[in-house]
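Q: sequence-free structure coming up:
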């Protein structure tokens, strides 16, 4: 129960951080977009475009937390928590698309550098930097290590922060050296960082959707833990996956010594569940078998011949 309490506390803290960040980012995004048009700065406009994606991503992230709170039903037996991962995919792909658009706009400006109002660009870029520092700090205080949705939002804002630094640097170079190319150059540097962030988030979110082994789970250690439990001879048909960020599940078949009573089986299961909870596995489904029970010897069975095992009570 302690684990669930910590998860709920973290969930509400993450949701609150997203909500406040969404309000701040959306407000300043409008200011920066107007400033970008007035000063004719691509660095500001690209940063405002990125801020727009931030605003959308934070909004989607907020929606994901809200939808994820819906209780499980017959239609969604695991609940709606994986909506957070879909939101992370959306955010990651958005980052990639925005970076490609910035590359395209920068290319046109390298060929034909326009006049940029550097003073206004400097002022707006500096205010944007302060706003992004505050929001990034708020999000970083949340669970950005475990929660993929929150980390996606944090990376969006971090990209914005770097965009503001780029806009300030470009404004200073234009003011003191009249380097017109500094504006598109700053936007290209930001676009590269945005592209990297977007690719990483998308890759990790797709890994979860493909039910890949969670990165914080050592599969060899899990196998060793279960098989070393007194009364377990071996395991097979093992699967470990993530339901959503920070919530991992495991299912397997376990071959036990002799015929166990219901009480012995329950005690054995409780021991395994307790050990696995300390290794990041919150949901455990294990089918007990004795040695006479026919089974596939492979540790990770690829077919679905034993799928009905999930319907059994344990």
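A: Sure, I can see it. None of the values given here were measured: they were computed from a predicted structure.

Q: going forward, measure contacts between C-alpha atoms and count neighbours the same way
A: OK.

Q: looking at this, residue 255 is in a helix?
A: No - assignment of residue 255 by DSSP: H, G, I helix; E, B strand; the rest coil gives strand, placing it outside any helix.

Q: can you tell me which helix or strand residue 204 belongs to?
A: Element membership for residue 204 (DSSP states H and E) is helix 182-209.

Q: Quick check: which helices or strands does that helix pack against?
A: Secondary structure elements in contact with helix 182-209, counted by 3 or more Cα pairs under 8 Å, 6 or more residues apart in numbering; DSSP states H and E, are helix 42-68, helix 83-111, helix 148-177, strand 232-244.

Q: One more pass at 6 Å, please.
A: Secondary-structure packing of helix 182-209 (3 or more Cα pairs under 6 Å, 6 or more residues apart in numbering; DSSP states H and E): helix 83-111, helix 148-177.

Q: what's the neighbour count on residue 178?
A: For residue 178, the count of nearby residues is 14 (other Cα atoms under 10 Å).

Q: Oh, that last question was meant for residue 106, not what I typed.
A: If you count neighbours by other Cα under 10 Å, residue 106 ends up with 24.

Q: can you pull the contacts of the residue at minimal distance from the centre of the chain?
A: With the centre of the chain defined as its mean C-alpha position, the nearest residue by Cα atoms, centre = their mean is residue 148, 1.7 Å away. Shown here is residue 148, whose contacts under the criterion Cα atoms under 6 Å, 6 or more residues apart in numbering are residue 245.

Q: Next, work out how far apart it and residue 287 are.
A: 31 Å (Cα to Cα, to the nearest Å).

Q: same thing with residue 240?
A: Shown here: residue 240 relative to residue 287, a distance of 15 Å by Cα to Cα.

Q: quick one: which of the helices and strands packed on helix 182-209 is nearest residue 201?
A: Comparing the helices and strands packed on helix 182-209 by their distance to residue 201 (Cα to Cα), the top pick is helix 83-111, with 5.2 Å.

Q: for that closest one, which positions count as buried?
A: Neighbour counts using 16 or more other Cα atoms under 10 Å place 83-96, 98-100, 102-103, 106, 109 of helix 83-111 among the buried residues.

Q: For burial, what's the neighbour tally of residue 237?
A: 22.

Q: okay if I get the helices and strands packed on helix 182-209 as TSV plus distance to residue 142?
A: Below are the helices and strands packed on helix 182-209 laid out as TSV (distance: least, Cα to Cα, whole Å):
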stretch	distance to residue 142
helix 83-111	15
helix 148-177	8
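
Q: Can I get the ones you listed in JSON lines including mean pLDDT and distance to residue 208?
A: Listed next are the helices and strands packed on helix 182-209 as JSON lines, based on pLDDT from 0 to 100; distance: least, Cα to Cα, whole Å:
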{"stretch": "helix 83-111", "mean pLDDT": "85", "distance to residue 208": "7"}
{"stretch": "helix 148-177", "mean pLDDT": "83", "distance to residue 208": "10"}
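
Q: Residue 44 is nearest to which of these?
A: Comparing these against residue 44 with Cα to Cα, the closest turns out to be helix 148-177 (6.1 Å).

Q: how about the closest one: buried residues?
A: Under the neighbour-count criterion of 16+ other Cα under 10 Å, helix 148-177 has 148-175 buried.

Q: In terms of secondary structure, what does the lengthiest helix in the chain contact?
A: Looking across the chain with DSSP state H, the single longest helix is helix 2-39. If contacts are counted by 3+ Cα pairs under 6 Å, 6+ apart, helix 2-39 sits against helix 42-68.

Q: The helix it packs on to helix 182-209, inter-axis angle?
A: 20 degrees (axes from the mean of the first three to the mean of the last three Cα atoms, to 10 degrees).
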